[in-house]
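Asks: Predicted coordinates and the sequence they were generated for:
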Amino acid sequence: MTYVTRLLLHLAQSIESLSEWTGRATSWLLPALVLLIGYDVAMRYLFQAGSVALQELEWHLFALIFLLGAAYTLRHDEHVRVDVIYRSRIMDNRRRALSDLAGALLFLLPFCLLVITSSWPFVHNAWQFSESSPDPGGLPYRFLLKAAIPVGFTLLLLQGIAGICRNLLTLLCAPPRQRDPG
């Protein structure tokens, strides 16, 4: 194994362990969200007592699950993809690696960078004014939730880099494709 392949492997494993940790930590928000929604629905329909703060907390938990869980989802290859061609017989591991590499370089990384850079002023402004909910009875500290936007997309960007490393390893280490004799 060459220095480059060891470096790519180490980088991919380090980033993937971060994605794994954040995904597992984020997964604990799911039962909390389910219980919160169940409680909110029961209070609303059984006792006609709704709460703006509970509804906002549901939205906030969902946003955190989505933002902080995206890298974990990408790491486990559970993201949305059109599998008609990708999983067909015409695609071998090298072609899948090339396809994933092109997708990450042309779409994933630029989009993550765009969201991170364009959300930064938005988040800075929210922190500067300690933004909270404009609704009566809403939650304070909305600026914390807005800070999860660049954090989540940074985690996704890092997992994209890990995927690029893995795909480069596939391309560098896989034997060349054999041509069909017939």
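Replies: Yep, it's here.

Asks: quick check: longest helix of this protein.
Replies: What stands out as the longest helix in the chain, according to DSSP state H, is helix 142-173.

Asks: so how far is the helix or strand residue 58 falls within off the chain centroid?
Replies: Assessed by DSSP states H and E, residue 58 sits inside helix 52-75. Here helix 52-75 shows a centroid-to-chain-centroid distance of 11 Å under the convention C-alpha atoms, centre = their mean, to the nearest Å.

Asks: Contacts for it, please.
Replies: The contact list for helix 52-75, computed with C-beta atoms under 8 Å, 6 or more residues apart in numbering, reads 16, 18-20, 22-27, 29-30, 32-33, 36-37, 39-40, 43, 79, 133, 135-139, 145, 148-149, 151-153, 155-156, 158-160, 162-163. Bear in mind the C-beta positions are built from the backbone N, C-alpha and C, glycine included.

Asks: ok, now stretch 157-177?
Replies: Everything outside stretch 157-177 that qualifies as a contact, by C-beta under 8 Å, 6+ apart, is 4-5, 8-9, 11-12, 15-16, 18-19, 71-72, 74-75, 92-94, 96-98, 100-101, 104-105, 108-109, 112-113, 116.

Asks: what are the C-alpha coordinates of it, in PDB please?
Replies: C-alpha atoms of stretch 157-177 as PDB (Å, rounded to 0.1, in the frame of the first residue of the first chain):
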ATOM      1  CA  LEU A 157     -19.100  18.400   3.000                       C
ATOM      2  CA  LEU A 158     -16.600  16.400   5.100                       C
ATOM      3  CA  GLN A 159     -18.500  13.100   4.400                       C
ATOM      4  CA  GLY A 160     -18.400  14.100   0.700                       C
ATOM      5  CA  ILE A 161     -14.600  14.400   1.000                       C
ATOM      6  CA  ALA A 162     -14.500  10.900   2.700                       C
ATOM      7  CA  GLY A 163     -16.500   9.600  -0.200                       C
ATOM      8  CA  ILE A 164     -14.100  11.100  -2.700                       C
ATOM      9  CA  CYS A 165     -11.200   9.400  -0.900                       C
ATOM     10  CA  ARG A 166     -13.000   6.100  -1.000                       C
ATOM     11  CA  ASN A 167     -13.800   6.400  -4.700                       C
ATOM     12  CA  LEU A 168     -10.200   7.400  -5.400                       C
ATOM     13  CA  LEU A 169      -9.100   4.300  -3.500                       C
ATOM     14  CA  THR A 170     -11.500   2.200  -5.600                       C
ATOM     15  CA  LEU A 171     -10.100   3.600  -8.800                       C
ATOM     16  CA  LEU A 172      -6.500   3.400  -7.700                       C
ATOM     17  CA  CYS A 173      -6.600  -0.100  -6.200                       C
ATOM     18  CA  ALA A 174      -9.200  -2.000  -8.300                       C
ATOM     19  CA  PRO A 175      -7.900  -4.100 -11.100                       C
ATOM     20  CA  PRO A 176      -8.700  -2.700 -14.600                       C
ATOM     21  CA  ARG A 177     -11.900  -4.000 -16.200                       C
END
